[in-house]
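Enquirer: One predicted model, sequence on top.
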Amino acid sequence: MATPATFHDEGHGFDLFGLSPAAVARAVALGAPAYERYFRVASEGSAQVPRAGAAILVANHSGTLPVDGAMLWQDVVRHTGRVPRMIADRFIPRLPFVSTWFARVGVVSGTRGNVRRLLEQGELLAIFPEGVTGVGKSWRDRYRLQAWRVGHAELAIRHRAPVIPVAIVGAEESWPVALRIDGVRLFGAPYLPIPATPLPLPVRYHLRYGAPIALHDAFAPDDADDPAALAAAAAQVRAAVEALIAETRTARRGLWR
């Protein structure tokens, strides 16, 4: 894999956030069996992802652990050559062992300063507005979007970055949560998830990318500081993701007939 066009080597082969092109290439190779044979990812609409410039992917989230994020990352790298910067909850850097590996492949803690720097550099971000409420949802709540944060809308308006809605179908059945143990804040995580199965089930993933949403054209720059405007902008993105999920689930049922 070629070095990403936005890669800025800060010395020793890493960028400011720890990304390493060599680690990205290894992750693509190591993740290939899961992507191609275990989850058999079917991808549609990746042409909607800009090949250059700042942009924000916004997707639904589920599955006990962020396997859906890994498959989205793999899909984007394969189809666009870009390395999406997966924006993670702030407890992720505290995780032993995996936190370093995450940084090497482009995962970044979602602080205001981090995301501002990335967008100013013209990076592609991937944000899951449901956060941990998405991965912790119950079986009965599958494909029902949970608490929807508005940070992606603020970023899109403030930095004039298009939002590309994404539906991920399959992950919600692959590894549902059987039990959440609240109050156990291991490494800062808000709860301890107990999955329904020891490993994810080999349910086929379907990824569908929607048309870019130019929130920066629909809203004024000052709206980035207006809670009501941000709620309206985030609701527009949420509706687009929900529509993509519904379309993808309908198409999937058609394949099974």
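Expert: That came through fine. Numbers count the residues shown, from 1 in each chain.
Enquirer: mind listing the strands for the stretch 51-200 of the chain?
Expert: 55-59, 85-88, 108-109, 124-127, 163-169, 177-182, 191-195 (DSSP state E, counting those that start in this stretch).
Enquirer: Now stretch 49-62: buried residues?
Expert: 49, 50, 54, 55, 56, 57, 58, 59, 60, 61, 62 (16 or more other Cβ atoms under 10 Å). No exception for glycine: its C-beta is placed from N, CA and C like everyone else's.
Enquirer: before we move on, what about stretch 202-221?
Expert: 203, 205, 206, 207, 208, 209, 210, 212, 213, 215, 216, 219.
Enquirer: For residue 45, find the nearest of the strands of the stretch 51-200 of the chain.
Expert: Closest approach to residue 45 among the strands of the stretch 51-200 of the chain (Cβ to Cβ): strand 163-169, 8.6 Å.
Enquirer: mind checking which helix or strand of this protein has the lowest mean pLDDT?
Expert: Across the helices and strands of the chain, mean pLDDT, DSSP states H and E gives its lowest value to strand 191-195, namely a mean of 67.
Enquirer: Report all helices and strands that the helix or strand just after it contacts.
Expert: Downstream of strand 191-195, the first helix or strand assigned by DSSP states H and E is strand 206-209. Packing partners of strand 206-209 (3 or more Cβ pairs under 8 Å, 6 or more residues apart in numbering; DSSP states H and E): strand 42-44, helix 67-80, strand 163-169, helix 227-256.
Enquirer: Mean pLDDT and distance to residue 198 added to those, as a markdown table?
Expert: Converted to a markdown table, the helices and strands packed on strand 206-209 look like this (pLDDT from 0 to 100; distance: least, Cβ to Cβ, whole Å):
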| stretch | mean pLDDT | distance to residue 198 |
| --- | --- | --- |
| strand 42-44 | 97 | 25 |
| helix 67-80 | 96 | 14 |
| strand 163-169 | 97 | 22 |
| helix 227-256 | 92 | 25 |
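Enquirer: can you give me the helices in the stretch 1-150 of the chain?
Expert: 21-33, 67-80, 98-104, 112-120, 132-135 (DSSP state H, counting those that start in this stretch).
Enquirer: State the pLDDT value of residue 61.
Expert: We have a pLDDT of 90 for residue 61.
Enquirer: Name all residues that make contact with it.
Expert: Residues counted as contacts of residue 61 (Cβ atoms under 8 Å, 6 or more residues apart in numbering) are 68, 69, 128, 130, 131, 134, 135, 168.
Enquirer: got the residues you listed as a markdown table, with neighbour count columns?
Expert: Listed next are those as a markdown table, based on neighbours: other Cβ atoms under 10 Å:
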| residue | neighbour count |
| --- | --- |
| 68 | 28 |
| 69 | 23 |
| 128 | 28 |
| 130 | 22 |
| 131 | 20 |
| 134 | 24 |
| 135 | 23 |
| 168 | 28 |
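Enquirer: pLDDT weak spots in the protein?
Expert: Applying pLDDT under 70 to the chain flags the ranges 1-3, 91, 93, 134, 136, 179-193, 254-257.
Enquirer: swap the cut-off to 80 and go again
Expert: 1-6, 63-65, 89-98, 132-141, 177-195, 253-257 (pLDDT under 80).
Enquirer: and the nearest residue to residue 115 once chain neighbours are set aside, how many neighbours does it have?
Expert: Among residues not flanking residue 115 along the chain, residue 155 sits closest, at 5.9 Å (Cβ to Cβ, 6 or more residues apart in numbering). Using other Cβ atoms under 10 Å, residue 155 has 24 neighbouring residues.
Enquirer: how much space between residue 155 and residue 237?
Expert: Here the criterion is Cβ to Cβ, to the nearest Å. By it, residue 155 lies 11 Å from residue 237.
Enquirer: how near is the residue lying closest to residue 241 once chain neighbours are set aside to residue 7?
Expert: The shortest distance from residue 241 to any residue other than its chain neighbours is 4.6 Å, reached at residue 165 (Cβ to Cβ, 6+ apart). Plainly put, residue 165 is 27 Å away from residue 7 if you go by Cβ to Cβ.
Enquirer: Cool, thanks, signing off.
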